Each structure stands twice: as C-alpha cells, then as structure tokens.
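[1] I'll drop the sequence and a predicted model, then ask my questions.
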Amino acid sequence: MDNLAVVKFGGSSLVDPEDVARIAGIMGDPAVLGDNQYRRGVIVVSAPGIPPGYKSDDSLGKKVTDMLKSLARECVNEQSSSPSDRTLFADVLHRFKRLSSSRGSDSMDLEDIDGWDLPATLEERLHEIPSAEENTASYFARVMAFGEEASARIIAVMNGFQFVDAADLFVLEGENFLQADVNREETYRRIQELNLRDRSIIIPGFYGRHTSGGIAIMGRGASDTTAAHIAAALHAGIYENFTDRVGVFAADPRLVPGAHVIPRLTYEEMRYLSYTGATILDAKAIEPGMGARVPIHIRSTFQYPEQGTVVTSIRSSDPEHPVVGVSYKGGLHYFRVKFIGLDDIDGILERLAATIRGCGYTIHHTTTGVDEVGYAAVPKTDQDRSNDAYTAIFGLLPSPAVPYDGDDVVKFIGDVGILTLVGKDMVDDVTMSPQITRVLQEAGVGRVFSTRPDSRTHYLYGIHGINAERALQVVYDFCCRRESS
C-alpha cells in the first residue's frame, strides 16, 4: 500500500476540542513528500498530554497516563474507598470532558461514546485489583492503557473515523507487562487484514493483548512504536509523526537558543539521537520503519504544513558540517571497575551488569578497556541505591583486587550525562574527535569517559551534569551552527 500514510498524533496534540478539529483537517489533506502524495488512511493516537497554562504541581497539569498511573497506585495502596470517589478519578474524567467538548456546546456524553461507557469502564478496571503481587504489573498496564483507548474512541466519534482496538491487533509477549515485546508475525498478519477502503481507521497506541491474556503495554512513548509497526506491516508509503515541535532540532532548543531544525536524517542518525536524549521520537520506533524502508516524517501539529524533519535510509552529504546533531541524556550514575586481572575472570562483565540491574538500574551505556569496565546507568526510581550497587560490586570481586597505581578499584560518579555527536559524514573526518576534546577542554568541561565506535558515525562523551548546558552550547556552535541561525 505504497500510497498510504500512517499518521500518529502525540499527547501534546490532544488536549482541547480545537485539537480534535485540527486533526480532522490534517487527515483530510493528502500527505506529501517530494513529488508523491499519500492518502492518510490510518491514525494512531496517544492519551491527552499536559494542558497549556497549568503548573506542574496542579493535579490537572499532568499527562493523563501519569494521572492514571497515580490513580492505580492509590487504588492498590488504599482499597477502603471506591475508585470513583477519588479526586484523581474525577480529574481524569474532567480531562476527557475537556477533549470531547465542542465550542459553544456541552461535551459529549461520556457514558455513551458509540455505546462505550467511559466512566464505568475506568471504574471497572480500577476495581480489578490483583490479589497476588505478580499480577500488579498487569493491573497497572490495564489502567494506564485506558488513556489511549478513550482518546481514540472520542476522536473516532467526533471526526467520523472507524475505531479499531489495538488489543485486537497487537499480540504482546514477554514477562514484563509494562515493557512487553511485539509478536511481529501474528501482529502483522492481523494488521494486514484491516479494511482500509472505506473511512479512515483510528487505533489507540501504546498497548496490546498479552499472549497469556489481559492488556500489556510496550513502555512509555510506545504510541510511536505502535504507528511504526502498523506502517511497516502495511508497507505504507510514509509514516507521519505529529508532535508539538516543528521537527528534530540539531540541539535541544531549551538549552541552545537558536538551534535549527534538521531537514533530513538517516534512520541510523535518528536512532542515535533518540537513544541519547532527543525525545521527539521513541528510539524503538525507528527500527520497524528502517526494516521496511518506510520514510518517517516528523512535523508539528500546530505549525502544519511546516515540513519538519524527514528520516530515510539516505541523505545528501554535507562535508562542511559532518556533525548533523548533538544530543544529551542526563540523570545517569556511572560505576567504573578497574583492577589488575579483571579481563582474566570469565563472565565478570555480565555479572557486574546483572548486579547493577539488580540494584534498581537500567544500563544505558557500557565503556571498556584493558582490565577496565564502566556502566552508565539510569536509576529506575527516585530512591538512591548507589551505595547498594557500590557494595554489591565489591562483593563480586576477588580478594584482594589489586588496583593499578593511584587508581580506585571501584569508582562511583553521580549526576553524569552523555553528550552525543551524530553524523554520517564524520566517518570521513578523522580530526573531529580531537577537535571536540579541545573545544570541551577550553570550555572547562571535563570528561568522565568517552567512546568512539568503529563506525565513527557518532561519538559519546560522559560529562558531569552541571556542565551540560555549556557543553551543548560550545559543541553546537563549533559543529552545527549555520550562519543563518
């Protein structure tokens, strides 16, 4: 179906009824890329995002998914009162009333959205509190998925789209109901059976049905991934991802004023930027389109038809600017282990990684050298368990572990971030790494670690979080800034 466009709208595009009308207008136009036009026939939506004008400490100034997660936690921890009596329950209903209202008239009847009772369905899901600890993840998944389903059902009625439940399409598997994997063979078979000849289809993102029964989710940001899999399964001509930003910036514009939008990226470049801090597109959403050669067009709902950023398998080279973008991911902890004979111990790297994960971390990046390994890890919770990890690491080491002169056997550094330079043309510029090292040194930015992959299409620098803004600014100015910006 190379004349088909699969279109995804994020939560920032789904707050007010004007947003729903804006979506209808966009869906009524053909998608255009170069000389080609595509019919926008499938739409994927997230749950409503943060409304403009609200402060972060306001109960209504949060993403609906976060509100649902908090509501589920309340119901698990305090089972004495009915879910519908809770303030958060009313707040969630308020957000959907706001989305479904029409200018100059009342909101739609949430108890009859084409025969679907929104309040009753939410209360029913909240009542299904698990009796066993192992079912808690399944409970949270069911409740958190409600936001996407309700959004899709409301927009389907308001705009005349055909609703198709993601639970009937996406077959999920794996032990974690909150980070489930897609069974591609069965999922793609079901997607390919969709009737796309009549009206446009709207599908909620984020969730599916687990092979063991019940709802599971694919992790935060997974509505991007839902749309990517649909586009790949249908061999769509283009996957459009609409957000509140005009495209992918060459650096975070909140930290680097005047950063420009990148007009074109390769899949590989987009993956590197997304994984290392550019949150505009979920990193897991790139591979399905890359495998099926479906272009990804990232653009703004609110500045349509601005062109944004197109992601494809190739782009024109720009030897004058080998670095196409700079990203930053902060909030990491860095554990480095170094002693004489580390490399002689079979399986030590895997055991160290497992130990750090067991202390409540997700490992984001690993550095290695002779008798040396480092793990840049993301804490899974707000609880600081770095001392637990530090102690557990020592428990794996031989006694005594002989240090290299003047060095610690185990070193911990908190508040570390990874600065990443990305660009396919860096492969032909052997001077880039020493130049960046010099630029950072002149700006007073010390390195915790650095990694230069053999591909030389991206370089990673571990830096102290306090230096993030300065590092981004000087590297962007040196590598990316155009005269017009």
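    Alright, I've got the coordinates.

[2] Low-confidence stretches in the stretch 101-250 of the chain?
    Low-confidence segments of the stretch 101-250 of the chain (pLDDT under 70): 102-106, 132-134.

[3] Mind jotting down where the strands sit in it?
    With strands called from DSSP state E, counting those that start in this stretch, the stretch 101-250 of the chain shows them at 162-163, 171-173, 181-182, 201-204, 207-210, 215-217, 238-243.

[4] and the helix or strand hosting residue 95, what other elements does it pack with?
    For residue 95, the host element (DSSP states H and E) is helix 87-100. With contacts defined as 3 or more C-beta pairs under 8 Å, 6 or more residues apart in numbering; DSSP states H and E, helix 87-100 has these neighbours: helix 17-28, helix 64-77, helix 118-127, helix 146-159. Where you see a C-beta, it was placed from the backbone N, CA and C, and this is true even at glycine.

[5] So which elements touch the third one?
    In this case it means helix 118-127. When contacts are defined as 3+ C-beta pairs under 8 Å, 6+ apart, helix 118-127 sits against helix 64-77, helix 87-100, helix 136-144, helix 146-159.

[6] residues in contact with the residue nearest to residue 358 when sequence neighbours are not counted?
    On the basis of C-beta to C-beta, 6 or more residues apart in numbering, the spatially nearest residue to residue 358 that is not a chain neighbour turns out to be residue 392, at 7.2 Å. Under the criterion of C-beta atoms under 8 Å, 6 or more residues apart in numbering, the neighbours of residue 392 are 355-356, 358-359.

[7] mind exporting the one helix or strand residue 268 maps to as PDB, just the C-alpha atoms?
    Take DSSP H and E as the rule and residue 268 turns out to sit in helix 267-275. Coordinates of each C-alpha in helix 267-275 appear next as PDB, following Å, rounded to 0.1, in the frame of the first residue of the first chain:
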ATOM      1  CA  TYR A 267      17.400   6.100  10.200                       C
ATOM      2  CA  GLU A 268      20.800   5.400  11.900                       C
ATOM      3  CA  GLU A 269      21.300   9.100  12.800                       C
ATOM      4  CA  MET A 270      17.700   9.300  14.200                       C
ATOM      5  CA  ARG A 271      18.200   6.200  16.300                       C
ATOM      6  CA  TYR A 272      21.400   7.600  17.800                       C
ATOM      7  CA  LEU A 273      19.800  10.900  18.600                       C
ATOM      8  CA  SER A 274      16.600   9.400  20.100                       C
ATOM      9  CA  TYR A 275      18.500   6.900  22.200                       C
END
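
[8] The helix or strand just after it - what's its average pLDDT?
    Moving toward the C-terminus from helix 267-275, the next helix or strand (DSSP H and E) is helix 286-292. For helix 286-292, the mean pLDDT works out to 94.

[9] Just say which of the helices and strands packed on helix 87-100 is most tucked in.
    Ranked by mean neighbour count, those are led by helix 146-159 with a mean of 25 (mean count of other C-beta atoms under 10 Å).

[10] Can you show me the CA trace of that one as CSV?
    Output of helix 146-159 as CSV, limited to C-alpha atoms (Å, rounded to 0.1, in the frame of the first residue of the first chain):
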residue,chain,number,x,y,z
PHE,A,146,-7.1,3.4,29.2
GLY,A,147,-6.0,6.8,28.2
GLU,A,148,-5.1,5.9,24.6
GLU,A,149,-8.3,3.8,24.2
ALA,A,150,-10.5,6.6,25.5
SER,A,151,-8.8,9.2,23.3
ALA,A,152,-9.2,7.1,20.2
ARG,A,153,-12.9,6.4,20.9
ILE,A,154,-13.7,10.0,21.5
ILE,A,155,-11.9,11.2,18.4
ALA,A,156,-13.5,8.5,16.3
VAL,A,157,-17.0,9.8,17.2
MET,A,158,-16.1,13.5,16.8
ASN,A,159,-14.4,13.1,13.4
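
[11] okay, now the domains of the chain?
    The record's domain parsing of the chain by automatic domain parsing lists 4-244, 325-479.

[12] What is the helix holding residue 268 packed up against?
    The contact analysis (3+ C-beta pairs under 8 Å, 6+ apart) places helix 267-275 against helix 286-292, strand 309-312, strand 325-338, strand 410-422.

[13] Same list (those) but as a markdown table, adding mean neighbour count and distance to residue 169.
    Formatted as a markdown table, the helices and strands packed on helix 267-275 follow (neighbours: other C-beta atoms under 10 Å; distance: least, C-beta to C-beta, whole Å):
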| stretch | mean neighbour count | distance to residue 169 |
| --- | --- | --- |
| helix 286-292 | 20 | 14 |
| strand 309-312 | 22 | 24 |
| strand 325-338 | 22 | 32 |
| strand 410-422 | 21 | 33 |
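
[14] Just send the strands of the stretch 101-250 of the chain back as a markdown table, with mean neighbour count too.
    Shown next, in a markdown table, are these (neighbours: other C-beta atoms under 10 Å):
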| stretch | mean neighbour count |
| --- | --- |
| strand 162-163 | 16 |
| strand 171-173 | 21 |
| strand 181-182 | 17 |
| strand 201-204 | 26 |
| strand 207-210 | 24 |
| strand 215-217 | 27 |
| strand 238-243 | 26 |
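
[15] now for those strands, which one comes closest to residue 84?
    strand 215-217 (20.4 Å; C-beta to C-beta).

[16] what separates that closest one from the chain centre, distance-wise?
    Relative to the centre of its chain, strand 215-217 is centred 17 Å away, using C-alpha atoms, centre = their mean, to the nearest Å.

[17] Next: stretch 394-401.
    Remark: stretch 394-401 is offset 38 Å from the chain centroid, using C-alpha atoms, centre = their mean.

[18] same deal with stretch 190-205?
    Put simply, stretch 190-205 sits 24 Å off its chain's centre (C-alpha atoms, centre = their mean).

[19] again with stretch 24-43
    Once both centres are worked out by C-alpha atoms, centre = their mean, stretch 24-43 turns out to sit 24 Å from its chain's centre.

[20] Just give the nearest non-adjacent residue to residue 2, would you?
    residue 237 (4.5 Å).

[21] sorry, that was for residue 83
    Per C-beta to C-beta, 6+ apart, closest to residue 83 is residue 126, 3.7 Å.

[22] again, but for residue 466
    Spatial nearest neighbour of residue 466, chain neighbours left out: residue 415 (7.1 Å); criterion: C-beta to C-beta, 6+ apart.

[23] cool, and residue 139?
    Leaving out its chain neighbours, the residue that sits closest to residue 139 by C-beta to C-beta, 6+ apart is residue 130, at 4.9 Å.

[24] What's the local residue count around the closest residue to residue 264 other than its chain neighbours?
    Spatially, and ignoring its direct neighbours in sequence, residue 264 is nearest to residue 315 (4.2 Å; C-beta to C-beta, 6+ apart). Residues contacting residue 315 under the criterion other C-beta atoms under 10 Å number 17.

[25] Contact partners for residue 315?
    Residue 315 neighbours (C-beta under 8 Å, 6+ apart): 264-266, 424.

[26] returning to what we had before: helix, strand or coil for the residue nearest to residue 358?
    Following DSSP: H, G, I helix; E, B strand; the rest coil, we place residue 392 in the helix state.

[27] Could you verify my assumption that residue 427 touches residue 454?
    No - judged on C-beta atoms under 8 Å, residue 427 makes no contact with residue 454 at a distance of 9.8 Å.

[28] Right, I'll call it a day here.
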